[in-house]
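A.B. asks: Sequence unavailable; structure follows:
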């Protein structure tokens, strides 16, 4: 045994067999240099094991209790998610914008557009409105501002109907909005846009204190994605439902019907958006007030916030699902290690571009994330069957 | 009250039992955090965070691993989060006096003795503490758990959620690195 071999064995000293250690001892007896190295190593390990204990702050328990007392009551995963979205709403808005821009680029490049039957889209127009109010209000408290004005020539005059909770209800007799609804407590700016894609259902992630309502308007023409059109839907008829809106998430379906459209087309023009799902920046709201159709989409408009084509409940074709239908589990980057650990123990296998788990394993996985105190957001596809597919997205 | 009784009561939301749990484990948790973060205040914040997480999730603790393993795992995760945040902020924390003189962490120095400075440590102990603090996060973590806290390979692997073989090899590299860090102070040993 030479110094090099001795040093190599010293690097693995704790894992050596007794026989190897004995060989080192024998060598150390005759080699002063190696003996010093061995004693040096042992002394380090002995010192590390005997480092003095440092007392924690005397008020550690008080601080912990104080923080617990100040914690909001989080009774459910949804409540935590809502709080999380309140904190990270800007990041999610940005992520949503990127998602939508990517989708639109894909559409424009024909990747997905070709899979959609233009004849079946009916030129759906999406109108997004924002409610500046708290979550406790029922849908019926909200009112659409925007005087019923004539739409552009390309847009048939829609009849708008607002229904709380799914499933979609049948149309009510027309009523003048100004006569039917109470005086609004807060104004509701209205945005009108035409998506290129014939989105049937869109779900946005939940954010407290804000509510978005999407209005689908059948149109005989199709125009550039999200191009605001001239006027608000007119005359708008609003039916408010007295149904109780769930505490943490509310599905709001708004359907605008064109009288000339066949009744069976109505179901295609359905958008579902979680209550308080996202917000529209001030600049975009200002755009919503335009009364003339712009020739181009304003630069300030954020596409993603207009459409919010979330993977969750956007009803898309089977072909589209192959492209888009991966659910997205949105998590904090700092929690990825913990999440991966939970995944490994939940029998979730990685697949190309995502992960697959059984419904049970996935439920257990989410339970573990809860146990670890990991914040996440997840909107599940409605028809995932016995397995859950999802993509891990780290902020 | 046994540990199992305390945990059972904690799972029912018994704050008194939770306080007992904190008092029982705060020193261990704090010292792991201090070993990994090398800063008293950061370790204090991390220890708080650990117990907050414990409070929030103990209802789902099913005893598949020992409570201390679960607790240390949370502690390791919290400390790693803190280290990443520190890295993003560009904060350089060191208990090495020479580095402080260079100004890297001078702003963290205080004229008043810090709680850890008030602890009597031999020169040798201080040298080892400083050398451990200067290791990479990965090495420091495994040294703190295995060599300072005295966890076995299996326990360390459980806490770090990695194979035992990984722990062994990482620990050997970490010890070798520690030895090299202390070469210039070998006269103390």
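C.D. replies: Nice, thanks for sending it over. Everything numeric here is computed off the predicted structure, so don't read it as measured data. Numbers count the residues shown, from 1 in each chain, chains lettered A, B, ... in the order given.
A.B. asks: phi, psi of residue A:376?
C.D. replies: Backbone torsions of residue A:376, given as degrees, to the nearest 10, read phi -160, psi 160.
A.B. asks: Next, count neighbours for the nearest residue to it once chain neighbours are set aside.
C.D. replies: The shortest distance from residue A:376 to any non-neighbouring residue, by C-beta to C-beta, 6 or more residues apart in numbering or on different chains, is to residue A:331 (4.6 Å). To be clear about C-beta, it is placed using only N, CA and C from the backbone, and glycine gets the same treatment. Applying other C-beta atoms under 10 Å in any protein chain shown, we find 21 residues neighbouring residue A:331.
A.B. asks: go on, residue B:10?
C.D. replies: Residue B:10 has 23 nearby residues by other C-beta under 10 Å.
A.B. asks: Next: residue A:376.
C.D. replies: Residue A:376: 19 surrounding residues under other C-beta under 10 Å.
A.B. asks: Please apply the same query to residue B:188.
C.D. replies: Neighbours around residue B:188, by other C-beta under 10 Å: 16.
A.B. asks: same check, this time on residue B:60
C.D. replies: 14.
A.B. asks: Surely it touches residue A:367?
C.D. replies: Yes. At 6.4 Å, residue B:60 counts as touching residue A:367 under the criterion of C-beta atoms under 8 Å.
A.B. asks: Let me see the domain layout of chain A.
C.D. replies: Domain assignment of chain A by automatic domain parsing yields the ranges A:3-49, A:77-320, A:327-394.
A.B. asks: and if you look at chain B?
C.D. replies: Following automatic domain parsing, one finds the domains of chain B at B:1-96, B:120-189.
A.B. asks: how about the ones you listed in TSV, adding mean pLDDT and distance to residue A:90?
C.D. replies: Below are the domains of chain B laid out as TSV (pLDDT from 0 to 100; distance: least, C-beta to C-beta, whole Å):
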stretch	mean pLDDT	distance to residue A:90
domain B:1-96	88	17
domain B:120-189	92	29
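A.B. asks: Next, format these as CSV and append distance to chain A.
C.D. replies: Shown next, in CSV, are the domains of chain B (distance: least, C-beta to the nearest C-beta, whole Å):
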stretch, distance to chain A
domain B:1-96, 4
domain B:120-189, 4
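A.B. asks: Residue A:30: which of those is closest?
C.D. replies: Proximity to residue A:30 (C-beta to C-beta) singles out domain B:120-189 among the domains of chain B, at 21.0 Å.
A.B. asks: mean pLDDT lowest for which of the domains of chain A?
C.D. replies: Ranked by mean pLDDT, these bottom out at domain A:77-320, which scores a mean of 41.
A.B. asks: From residue B:176, how far off is the residue sitting nearest the centre point of chain B?
C.D. replies: Closest to where the C-alpha atoms of chain B average out (C-alpha atoms, centre = their mean) is residue B:32, at 2.3 Å. As for residue B:32, its distance to residue B:176 is 22 Å (criterion: C-beta to C-beta, to the nearest Å).
A.B. asks: Work out for me the element the closest residue to residue A:60 other than its chain neighbours sits within.
C.D. replies: Leaving out its chain neighbours, the residue that sits closest to residue A:60 by C-beta to C-beta, 6+ apart is residue B:26, at 5.4 Å. Per DSSP states H and E: residue B:26 is located in helix B:15-37.
A.B. asks: Now the next helix or strand after that helix: buried residues?
C.D. replies: Counting by DSSP H and E, the element after helix B:15-37 in chain order, helix or strand, is helix B:40-57. Using 16 or more other C-beta atoms under 10 Å in any protein chain shown as the test for burial, helix B:40-57 gives B:40, B:42-57.
A.B. asks: helices or strands up against the helix or strand just after helix B:40-57?
C.D. replies: Following helix B:40-57 in sequence order, the next helix or strand is helix B:67-89 (DSSP H and E). Helices and strands touching helix B:67-89, by 3 or more C-beta pairs under 8 Å, 6 or more residues apart in numbering or on different chains; DSSP states H and E, are helix A:336-344, helix B:15-37, helix B:40-57, helix B:137-142, helix B:153-160.
A.B. asks: okay if I get those helices as JSON lines plus distance to residue B:127?
C.D. replies: Output for the helices and strands packed on helix B:67-89, formatted as JSON lines (distance: least, C-beta to C-beta, whole Å):
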{"stretch": "helix A:336-344", "distance to residue B:127": "31"}
{"stretch": "helix B:15-37", "distance to residue B:127": "15"}
{"stretch": "helix B:40-57", "distance to residue B:127": "19"}
{"stretch": "helix B:137-142", "distance to residue B:127": "15"}
{"stretch": "helix B:153-160", "distance to residue B:127": "24"}
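A.B. asks: Now do the buried residues in stretch B:147-159.
C.D. replies: B:147-149, B:151, B:153, B:155-159.
A.B. asks: For chain B, what's the nearest residue on the stretch 251-395 of chain A?
C.D. replies: Across the stretch 251-395 of chain A, no residue is closer to chain B than residue A:371, which sits at 3.6 Å (C-beta to the nearest C-beta).
A.B. asks: by how many degrees do the helix or strand containing that residue and helix B:67-89 diverge?
C.D. replies: Per DSSP H and E, residue A:371 falls inside helix A:359-372. Going by axes from the mean of the first three to the mean of the last three C-alpha atoms, to 10 degrees, helix A:359-372 is angled at 80 degrees with respect to helix B:67-89.
A.B. asks: Quick one: check the helix or strand containing residue A:41 for contact with chain B.
C.D. replies: Element membership for residue A:41 (DSSP H and E) is helix A:32-49. Yes. Using C-beta under 8 Å from any C-beta of the partner chain, helix A:32-49 reaches chain B at A:39-41, A:43-45, A:47-49.
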